[in-house]
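Asker: Give me the fold of what follows.
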Amino acid sequence: MLERSPRNKRIWAQDVKVSADVLEARLASLTGDPSAVADRVDREALAAGVRDRLTAARNAALRVDPLPGRVSNWWRGTLIEAAYQNLHAAESLIVDLYNPEDVEAEIPEAVARIEAGLGRDDPRRIAALDLLEGSPADPGRRQRLRKAVEVGFGSSDLEHSRLRSFRNAVVASTIALVVTLVVFVAWVSLNPTEVSFCFTPSGKGPVCPSGSAGPGAHDVLTISLLGVLGGLLSAIVSIRNVRGTSLAYDVPQALAMLKMPLGALCAIGGLLLIRGDFIPGFSALDSQDQILAYAFGFGVAQQLLIGLIDRRAQTLLDAAPGKTTAASRPERTVTRPTRHDSRPGSTAGATAGSTAGATAGSTAVVNAVPSAVVNAVPAAVVNAVPAAGSDGGPAGLVPGQPGGSPVPPAASRDRSDEAG
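Answerer: Residues are numbered from 1 along each chain as shown. Here you go, the predicted model:
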């Protein structure tokens, strides 16, 4: 019976191990197929390189190599990054061993990965989209596919690094806030008169959160606990807006942990602002129950502050590809710049292009003139306006016939048709 090892309980480690096994089996089938890499003598070198990367990915997933400390590994993601980067390197190397049918089968997934990780105007995305329309007989098709695989996985690794940095920032903020709150609560508990949370309504004695007749050591502790409860309620409610993720970094959990100490901070700060008459319209609280209700309400209201952080986290989670590579962004037509030929013999084409462009531009300008304005101008006046024609003569005369019978300009004819 196999002994269960705790190192294999991590979901991402199982994912890496299964993916490495699949690539190993695919590699074995490709190295035994002579048609997989036609006209290539480096088949064994490529296969050895793929096996080395797969071995390194397995070692990182099983905590064999590298061997970072637990805290350092969790903070920097050493094992996760090493495992996936080696796995991705093996997937890009194995492209050179594919037969033509495997190349065509791999293109859609590589393009989907590019779509999920790159911007719409990125030239690497445009080049990847060309793979979908290219010919299988293209001699450089395999090389472009390998580059697309490298770029897609590189973009995925970069998004994961950004997600880890964001999680670390949230965790560091939570730790700093907890330490500060603990110090503050301990100091106020020892010196309750220095920072009082009691209110003195008109005609009544002091009203304190703990129910005592004056500032006590339990006032700040009571307010902090109610703020923590309000933050916990906000964290539970916000779960409905969090979509599941297969990523290795626990960003939603880190945000939930931040909301509880932030709720305590909002409860303390909110009551101090009311007591100092800083918030217009808020008068002194009249009873202990009212003070406790406000403390809990301020703890829930911290969601107004952390909502921006929640949206930023969801944006990063959506941008970081997980196990699926589907892209949810709508397709957009990409306009490629027109290449102008500067070689001899291209003067006619350039002249024709410029003439067509000038004609289209002038037509657009004329069409922009309101019909009422054009129709209000007498035809005799319009025909009498001199303009350069194609042969240098007036536009109102037939080209090539100086002094010939005048013809209406294009604008006059268009507007006359509309009027008719």
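Asker: CA atoms for contacts and neighbours, from now on please.
Answerer: OK.
Asker: Pull up the gap between residue 194 and residue 184, please.
Answerer: Between residue 194 and residue 184 the distance, using C-alpha to C-alpha, to the nearest Å, works out to 11 Å.
Asker: In CSV, could you pull the C-alpha coordinates for stretch 209-229?
Answerer: The C-alpha coordinates for stretch 209-229 follow below in CSV (Å, rounded to 0.1, in the frame of the first residue of the first chain):
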residue,chain,number,x,y,z
PRO,A,209,-20.1,51.4,24.8
SER,A,210,-19.5,49.0,27.7
GLY,A,211,-22.4,50.4,29.8
SER,A,212,-20.1,51.9,32.5
ALA,A,213,-20.6,55.3,34.0
GLY,A,214,-17.4,56.6,32.5
PRO,A,215,-14.6,55.6,30.0
GLY,A,216,-13.6,52.1,30.7
ALA,A,217,-11.0,49.6,29.5
HIS,A,218,-13.7,47.5,27.7
ASP,A,219,-15.0,50.3,25.5
VAL,A,220,-12.5,50.1,22.7
LEU,A,221,-12.5,46.3,22.8
THR,A,222,-16.3,46.2,22.5
ILE,A,223,-16.3,48.6,19.5
SER,A,224,-13.4,46.7,17.8
LEU,A,225,-15.2,43.3,18.1
LEU,A,226,-18.4,44.7,16.7
GLY,A,227,-16.5,46.2,13.8
VAL,A,228,-14.9,42.8,13.2
LEU,A,229,-18.3,41.2,13.1
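Asker: buried stuff in that stretch?
Answerer: When neighbours are counted by 16 or more other C-alpha atoms under 10 Å, the buried residues of stretch 209-229 are found to be 209-211, 214-221, 223-229.
Asker: related to what we said a few turns ago, shared neighbours of residue 194 and residue 184, anything?
Answerer: Common neighbours of residue 194 and residue 184 are not found (criterion: C-alpha atoms under 8 Å, 6 or more residues apart in numbering).
Asker: which helices and strands does the stretch of helix or strand residue 184 belongs to pack with?
Answerer: Applying DSSP states H and E as the criterion places residue 184 in helix 141-190. Using 3 or more C-alpha pairs under 8 Å, 6 or more residues apart in numbering; DSSP states H and E as the contact test, the elements touching helix 141-190 are helix 78-93, helix 100-117, helix 123-133, helix 218-237, helix 251-275, helix 303-319.
Asker: now those in CSV, with mean pLDDT?
Answerer: Shown next, in CSV, are those (pLDDT from 0 to 100):
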stretch, mean pLDDT
helix 78-93, 92
helix 100-117, 90
helix 123-133, 89
helix 218-237, 92
helix 251-275, 90
helix 303-319, 76
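Asker: Reformat those helices as a markdown table; add distance to residue 43.
Answerer: Output for the helices and strands packed on helix 141-190, formatted as a markdown table (distance: least, C-alpha to C-alpha, whole Å):
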| stretch | distance to residue 43 |
| --- | --- |
| helix 78-93 | 11 |
| helix 100-117 | 15 |
| helix 123-133 | 24 |
| helix 218-237 | 55 |
| helix 251-275 | 42 |
| helix 303-319 | 36 |
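Asker: Of all those helices, which one comes closest to residue 140?
Answerer: helix 123-133 (10.4 Å; C-alpha to C-alpha).
Asker: List the buried residues of the one helix or strand residue 291 maps to.
Answerer: With the criterion set as DSSP H and E, the secondary-structure element containing residue 291 is helix 288-301. Along helix 288-301, these residues count as buried under the neighbour rule (16+ other C-alpha under 10 Å): 288, 291-292, 294-301.
Asker: One more: stretch 234-242?
Answerer: Taking 16+ other C-alpha under 10 Å as the neighbour-count basis, stretch 234-242 is seen to contain the buried residues 234-235.
Asker: Using PDB, write out every CA atom in that stretch.
Answerer: The C-alpha trace of stretch 234-242 is given here as PDB (Å, rounded to 0.1, in the frame of the first residue of the first chain):
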ATOM      1  CA  SER A 234     -19.400  42.100   4.600                       C
ATOM      2  CA  ALA A 235     -17.000  39.400   3.600                       C
ATOM      3  CA  ILE A 236     -19.700  36.700   3.600                       C
ATOM      4  CA  VAL A 237     -22.000  38.900   1.500                       C
ATOM      5  CA  SER A 238     -19.300  39.700  -1.000                       C
ATOM      6  CA  ILE A 239     -18.800  36.000  -1.700                       C
ATOM      7  CA  ARG A 240     -21.800  36.200  -4.100                       C
ATOM      8  CA  ASN A 241     -19.700  38.400  -6.400                       C
ATOM      9  CA  VAL A 242     -16.600  36.200  -6.400                       C
END
